[in-house]
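1. one predicted model, sequence on top.
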Amino acid sequence: MASPLITSPRSTRAVAARRLATRAFRAKQGLFLVEGPQAVREAAAHGAGITELYYTAAAAERHPRIVQAARDGGAALLPATDEVVSSLSDTVHPQGMVAVCRFLDEPVAAVLAHAPRLVVLLAHVRDPGNVGSVIRAADAAGADAVLVSDESVDVYNPKAVRATVGSLFHLPIAVGVPVDAAVAECRTAGLRVLAADGTGALDLDDEADSGALRAPTCWMFGNEAWGLPEELRSLADAAVRVPIHGKAESLNLSTAAAVCLYASARAQRQYGEEGEHGRR
């Protein structure tokens, strides 16, 4: 059953939810905000632990199944005015629906426990949009997990959550992991660690053509502004550059990540198909 209409942004519940925009309060509560029908739908569909759902009458009319899914998952249904929902929003044009969800990250050992073949390590990535976009690319390429270093931006930052477009709820994620510890865990899990770097000694096309990308791989991506410093790059088994065939100086982080991840995904998929044919 839905609660009475919340009409004031100064209501106790709205104020508490709004405080989740700050990292310290998110960490203390173990909760974060998810904005927009698409992201809320994915959160509900994948059991992400929605505790509260704020929504306008118009949003409920457009998306009754999302409201029902949140209800079925045990969320408190909180109808609210446009003003209240807008006060929880981080966008210029709010879409009338904001959920409060429980943190969903897992320990790195648990994330890597099931023989992963393709993993992303975000090392000191400070832009929330980039973090979200790389998570989305990892999801699209079929990666098994994402590791976010302790010096990267908070994955639960509203801009990062929004940039994942729901992919945050699709694959295991570990957060707050020191890069050296993450690399060690990846090696224990049997992964070759490749640092994506514009000055890398190895060429991505050559790695793909040689069959090297068929191996279980963790791709390490660094800060867009300054890339991977030597102390992080040296932790990897090799540094790989994406070849630039035109006149562009470089690729942005999310584009480079997508290129690298799809190269690995294609190589691993082909190897799997060849292996299946060979066993018949």
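-> Great, that's in hand.
2. which pLDDT value does the model give G272?
-> Note for G272: predicted pLDDT of 69.
3. how many residues are close by the nearest residue to A57 once chain neighbours are set aside?
-> Nearest in space to A57, with sequence neighbours left out and distances taken as CB to CB, 6 or more residues apart in numbering, is P79 at 6.7 Å. Where you see a C-beta, it was placed from the backbone N, CA and C, and this is true even at glycine. By the criterion of other CB atoms under 10 Å, P79 has 20 neighbours.
4. assign P79 to helix, strand or coil.
-> Under DSSP: H, G, I helix; E, B strand; the rest coil, the three-state class of P79 is strand.
5. list the contacts of it.
-> Counting by CB atoms under 8 Å, 6 or more residues apart in numbering, P79 touches A2, S3, P4, L5, I6, Y54, Y55, T56, A57, A60.
6. okay, the helix or strand hosting R41 in CSV with CA atoms only?
-> Using DSSP states H and E, R41 maps to helix 37-45. C-alpha atoms of helix 37-45 as CSV (Å, rounded to 0.1, in the frame of the first residue of the first chain):
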residue,chain,number,x,y,z
PRO,A,37,12.3,4.8,-14.9
GLN,A,38,14.9,2.8,-16.9
ALA,A,39,17.4,2.5,-14.1
VAL,A,40,14.8,1.9,-11.5
ARG,A,41,13.3,-0.9,-13.8
GLU,A,42,16.7,-2.6,-14.0
ALA,A,43,17.2,-2.3,-10.2
ALA,A,44,13.9,-3.9,-9.6
ALA,A,45,14.3,-6.6,-12.2
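7. now the helices for the stretch 151-280 of the chain?
-> 158-164, 179-188, 204-210, 230-233, 253-279 (DSSP state H, counting those that start in this stretch).
8. what's in contact with the first one?
-> Residues from elsewhere that reach helix 158-164 (CB under 8 Å, 6+ apart): 21, 32-36, 39, 90-91, 128-133, 135-136, 139, 153-155, 168.
9. for burial, what's the neighbour tally of the closest residue to A256 other than its chain neighbours?
-> Excluding the flanking residues, the one nearest A256 by CB to CB, 6+ apart is V242, at 5.3 Å. Neighbour count of V242, defined by other CB under 10 Å: 21.
10. how about the contacts made by the nearest residue to A208 once chain neighbours are set aside?
-> Nearest non-adjacent residue to A208, counting by CB to CB, 6+ apart: A263, 5.0 Å away. Going by CB under 8 Å, 6+ apart, A263 touches L204, E207, A208, L213.
11. equivalent analysis for P229, please.
-> Contacts of P229 (CB under 8 Å, 6+ apart): G222.
12. just use 30 as the starting number from now, easier for me
-> Fine by me, first position is 30 from now on; the one you just mentioned is P258.
13. quick one, strands of the stretch 130-279 of the chain?
-> With DSSP state E, counting those that start in this stretch, the ranges of strands along the stretch 130-279 of the chain come out as 147-151, 174-178, 202-206, 221-225, 231-232, 246-250, 267-270.
14. who's in contact with the fourth one?
-> Applying CB under 8 Å, 6+ apart, the contact partners of strand 221-225 are 150, 212, 215-216, 236, 244-251, 257, 261-262, 264-271, 285-286, 289.
15. swap in the third one?
-> If you take CB under 8 Å, 6+ apart as the criterion, strand 202-206 is touched by 133-137, 139-140, 164, 174-179, 183-184, 211, 214.
16. in the helix or strand hosting F54, what's buried?
-> For F54, the host element (DSSP H and E) is helix 52-58. For helix 52-58, burial by neighbour count (16 or more other CB atoms under 10 Å) applies to R55, Q58.
17. show me what that helix is packed against.
-> Identification of packing neighbours for helix 52-58 by 3 or more CB pairs under 8 Å, 6 or more residues apart in numbering; DSSP states H and E yields no helix or strand.
18. swap the cut-off to 10 Å and go again
-> helix 41-47, strand 60-64 (3 or more CB pairs under 10 Å, 6 or more residues apart in numbering; DSSP states H and E).
19. most packed of those?
-> Across these, the average number of neighbours (mean count of other CB atoms under 10 Å) peaks for strand 60-64, which reaches a mean of 24.
20. give me the helices and strands touching that strand, please.
-> Here strand 60-64 touches helix 41-47, helix 52-58, helix 66-74, strand 79-84, helix 111-117, strand 126-131, helix 187-193, going by 3+ CB pairs under 10 Å, 6+ apart.
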